[in-house]
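Peer 1: My questions are about this predicted structure, shown below with the sequence.
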Amino acid sequence: MKAAAQVNSIGLDELQKTLEEAGRLSSKEHFSKRDESRMAFLLVKSKMLKDGFTPSEIANADAQRLYRSLGLAHMPVAKDEIEREWRNCIEGRSGIVRKPVDGEVGAALTPSEVEQRANEAGTQSITYTQGVGGGYFVPFQFYQRLTETMRQYDAIFDDEFCNVIETATGAPIALPILDDVSHSSVLVTEATQSSETDFIAGGLELKSYSFRSGVSYISMELLQDSGIPWAALLELTFARRHARGVGSALIGGSGSAQPTGLITAALAAGAAVTIAAGSATNDGSANTGANSIGSTDLWTCYKGLNPAYRVGSCWVMNDNTFTSISSLLDKSGRPLVHLTRGNEAVMLGRPVGVCPSMPEIGSASNSVVLFAPQFFYTRRVLSGMFVRAFSQTKAEFGLTGFESFYRTDSDLAAPDASFAPASVLQNHS
């Protein structure tokens, strides 16, 4: 502590403002939860100012507290750049019109032209509007940061565990699929006529389903205080909400008015289903296939995937399942899960992706899936990833609302019903 330290002029001004706000707040007859929290902060802040802490030191300390409350060790190094980008975007100095994606041609618009075209149909109205409801905007690097954070939260967003297709718009797209696993070349003699073997081909249609993060309100004071990394916190909030909501659909979506999730698509494609016998042979416990998974179960699931798909295949499961399996040893006393030098988890020679939305180990639960990721398509609509600002909804409270939008779809390509590119491990019922 900076006990008995000299308070400089900036600190005195800040102390006076803090005490005045505390005085106004204390004059209220009834305190809300928000008022109680604010008063507690003001009291601590005034104490720190009297002890000689500068306003910037207090702001940074509060920022660190906010990040720790979100489970982060420290603030990102680029927090200042992130905040500057968001401020410029909100104030219209840059980033109002999203840059055209590859293959898209469009004229650059000035801010006034954007406002005039705000109510026109098309992607321009998605990019930015100015009106009663607020405005649409997309900071330049928002998509990259959002995707990276979601990838860290859920492996299903990592292109190692899916086949990502990025499109400029959300119009339905048809993907031609070719799978020739069942055909082989044949030995022939001279002048032998070739036999006819057709390709096994199919098609996959991907649509675009919309997800919204819900509105998060930020106070005017927080927006104005550069010491609080509100932009980075907002991005983290959006990324985690989308990772939970979208990730759940990509894993377990029914395909009816929503994405077709990996598990739903695998079972519909005729994937081999292994019923777990449990870990009793590994740990000598009384566990059964209804509440555990053993090494024999994993080997059977692995063999259930056609050899043509095993090269490049990967496992997905939730963290609790991964922890349970990681603690098991085979009959030679070796762990079932290994870590590579890059700290990547590997099981039976194939990488393991942790997906929070995968079902827990339990009766009749499809808790583990082994699949060929190049056959599981996830679509991301670039023009559908934007943020809307609500500047009038709660303006009387000094609040500005932000809401993030995300459009996506997914499905498993499996043109040959006899050779599904996935294998499912299901707990005993």
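Peer 2: Received the coordinates, thanks.
Peer 1: how many neighbours does Val369 have?
Peer 2: Using other CB atoms under 10 Å, Val369 is surrounded by 27 other residues. C-beta: built from backbone N, CA, C; applies to glycine.
Peer 1: so what's Pro176 closest to, chain neighbours aside?
Peer 2: Leaving aside its chain neighbours, Pro176 sits nearest to Gly203 (5.9 Å; criterion: CB to CB, 6 or more residues apart in numbering).
Peer 1: The one you found sits in which helix or strand?
Peer 2: Using DSSP states H and E, Gly203 falls within strand 201-206.
Peer 1: Low-confidence stretches in this structure?
Peer 2: Along the chain, segments meeting pLDDT under 70 span 1-10, 34, 56-80, 90-137, 140, 178-183, 194-202, 225-228, 391-397.
Peer 1: Strands of the stretch 251-400 of the chain, residue ranges please.
Peer 2: Assigned by DSSP state E, counting those that start in this stretch, the stretch 251-400 of the chain shows strands spanning 272-275, 314-317, 337-339, 345-347, 350-354, 366-371, 376-381, 386-390, 399-412.
Peer 1: For Asn163, give me its contacts.
Peer 2: Asn163 sits next to 373-378 when contact means CB atoms under 8 Å, 6 or more residues apart in numbering.
Peer 1: number of nearby residues for Asn306?
Peer 2: 19.
Peer 1: Surely it and Asp416 touch.
Peer 2: No: in this structure, Asn306 is not within contact of Asp416 by CB atoms under 8 Å, at 9.6 Å.
Peer 1: Which residue ranges of the stretch 101-250 of the chain form strands?
Peer 2: 135-137, 163-167, 173-178, 201-206, 209-212, 216-219.
Peer 1: Serialize the ones you listed to a markdown table and add fields for distance to Leu382.
Peer 2: Below are the strands of the stretch 101-250 of the chain laid out as a markdown table (distance: least, CB to CB, whole Å):
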| stretch | distance to Leu382 |
| --- | --- |
| strand 135-137 | 14 |
| strand 163-167 | 6 |
| strand 173-178 | 13 |
| strand 201-206 | 14 |
| strand 209-212 | 14 |
| strand 216-219 | 23 |
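Peer 1: Out of the ones you listed, which gets nearest to Pro259?
Peer 2: Nearest of the strands of the stretch 101-250 of the chain to Pro259, taken as CB to CB: strand 209-212 at 5.8 Å.
Peer 1: ok, that closest one: who's next to it in the sheet?
Peer 2: Strand 209-212 pairs in its sheet with strand 399-412 (antiparallel), by DSSP bridges.
Peer 1: Tell me how many other residues surround Pro139.
Peer 2: Pro139: 24 neighbours (other CB under 10 Å).
Peer 1: I misspoke; the intended subject was Ala168.
Peer 2: Neighbours of Ala168 (other CB under 10 Å): 16.
Peer 1: before we move on, back to that, in a markdown table, list the strands of the stretch 251-400 of the chain along with distance to Phe211.
Peer 2: Supplementary listing: these in a markdown table, determined by distance: least, CB to CB, whole Å:
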| stretch | distance to Phe211 |
| --- | --- |
| strand 272-275 | 30 |
| strand 314-317 | 20 |
| strand 337-339 | 32 |
| strand 345-347 | 28 |
| strand 350-354 | 21 |
| strand 366-371 | 22 |
| strand 376-381 | 11 |
| strand 386-390 | 12 |
| strand 399-412 | 5 |
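Peer 1: Nearest to Ala239, out of those?
Peer 2: Closest to Ala239 of the strands of the stretch 251-400 of the chain is strand 399-412 (CB to CB; 8.6 Å).
Peer 1: and that closest one, C-alpha only, in CSV?
Peer 2: Extracted in CSV, the C-alpha atoms of strand 399-412 (Å, rounded to 0.1, in the frame of the first residue of the first chain):
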residue,chain,number,x,y,z
LEU,A,399,-26.5,2.2,-21.0
THR,A,400,-25.6,1.0,-24.5
GLY,A,401,-26.5,-2.5,-25.5
PHE,A,402,-24.5,-4.8,-27.8
GLU,A,403,-25.6,-8.0,-29.5
SER,A,404,-23.7,-10.3,-31.7
PHE,A,405,-25.1,-12.3,-34.6
TYR,A,406,-23.7,-15.6,-36.1
ARG,A,407,-25.0,-17.6,-39.0
THR,A,408,-23.9,-21.2,-39.6
ASP,A,409,-24.9,-24.7,-40.6
SER,A,410,-23.4,-28.2,-40.5
ASP,A,411,-23.8,-31.7,-41.8
LEU,A,412,-21.9,-35.0,-42.4
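Peer 1: between whichever helix or strand comes after it and strand 399-412, how big is the angle?
Peer 2: Per DSSP H and E, strand 399-412 leads on to strand 422-426 as the next helix or strand towards the C-terminus. For strand 422-426 against strand 399-412, the angle by axes from the mean of the first three to the mean of the last three CA atoms, to 10 degrees is 110 degrees.
Peer 1: Strand 422-426 pairs with which strands, parallel or anti?
Peer 2: According to DSSP bridges, strand 422-426 forms sheet pairs with strand 272-275 (parallel), strand 366-371 (antiparallel).
Peer 1: Off-centre distance for that strand?
Peer 2: 24 Å (CA atoms, centre = their mean, to the nearest Å).
Peer 1: Same question for stretch 23-36.
Peer 2: The answer for stretch 23-36 is 38 Å, by CA atoms, centre = their mean.
Peer 1: so which of the strands of the stretch 101-250 of the chain gets nearest Leu15?
Peer 2: Of all these, it is strand 216-219 that lies closest to Leu15, at 20.5 Å by CB to CB.
Peer 1: Return the list of helices and strands in contact with that closest one.
Peer 2: Using 3 or more CB pairs under 8 Å, 6 or more residues apart in numbering; DSSP states H and E as the contact definition, the elements that strand 216-219 packs against are helix 230-252, strand 399-412.
Peer 1: Reformat these as a markdown table; add mean neighbour count.
Peer 2: As requested, those are exported to a markdown table (neighbours: other CB atoms under 10 Å):
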| stretch | mean neighbour count |
| --- | --- |
| helix 230-252 | 21 |
| strand 399-412 | 23 |
